[in-house]
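Peer 1: Could you look at this predicted model? Sequence included:
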Amino acid sequence: MGAILEAIQHKLTTTFEPVRLEVEDDSARHHGHAGSRPGGESHFNVTIEAQAFAGQSKVARQRMVYRALAEELAGPVHALSVKALAPGEG
């Protein structure tokens, strides 16, 4: 597990206290594409289920995750796919 993936997991866990969190480094599929870096950790898929998303729109949920990961998105992370769910939705 790489340092960026660990940072994403840590920030999402401490910010949202999810009941489910899946973070997948999808960089290998994007090798040679824009934003790809040697060693990967540039493209991620996140599935997160947390009470914080209850009553929030899909766009609001995505913005919440992007805010929590602003540092990573401003630097090493080129692409982030987010599936944010309230408990019981997924």
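Peer 2: Cool, got the structure.
Peer 1: quick one: buried residues of the longest helix anywhere in the chain?
Peer 2: Scanning the chain for the longest helix, with DSSP state H as the assignment, gives helix 3-16. The neighbour-count check on helix 3-16 (16 or more other Cβ atoms under 10 Å) flags 4, 5, 7, 8, 9, 11, 12, 15, 16 as buried. Any C-beta I mention is one placed from the backbone N, CA and C, and that applies to glycine too.
Peer 1: Go ahead and confirm the third one touches residue 73.
Peer 2: No - counting by Cβ atoms under 8 Å, no contact exists between residue 7 and residue 73, whose distance comes to 11.6 Å.
Peer 1: first to last residue in stretch 79-90, what's the distance?
Peer 2: Using Cα to Cα, to the nearest Å, the end-to-end distance of stretch 79-90 comes to 23 Å.
Peer 1: same question but for stretch 60-74, I mixed them up
Peer 2: End-to-end distance for stretch 60-74: 19 Å, by Cα to Cα.
Peer 1: Residue ranges in the protein under the pLDDT threshold?
Peer 2: When residues are selected by pLDDT under 70, those of the chain lie in 29-40.
Peer 1: and the most centrally placed residue in it, helix, strand or coil?
Peer 2: What sits nearest the mean C-alpha location of the chain, by Cα atoms, centre = their mean, is residue 46, with 4.1 Å. Assigned with DSSP: H, G, I helix; E, B strand; the rest coil, residue 46 falls in the strand class.
Peer 1: quick one: contacts for it?
Peer 2: Neighbour list for residue 46: 8, 12, 21, 22, 23, 24, 65, 80, 81, 82, 83, 84 [criterion: Cβ atoms under 8 Å, 6 or more residues apart in numbering].
Peer 1: Who is it paired with across the strands?
Peer 2: residue 23, residue 82 (DSSP bridges).
Peer 1: how far away is it from residue 20?
Peer 2: Distance of residue 46 to residue 20, given as Cβ to Cβ, to the nearest Å: 11 Å.
Peer 1: Same check on residue 56?
Peer 2: In terms of Cβ to Cβ, residue 56 sits 17 Å off from residue 20.
Peer 1: Of those two, which one has the most company?
Peer 2: Taking other Cβ atoms under 10 Å, residue 56 and residue 20 do not tie; residue 56 has more neighbours (14 against 11).
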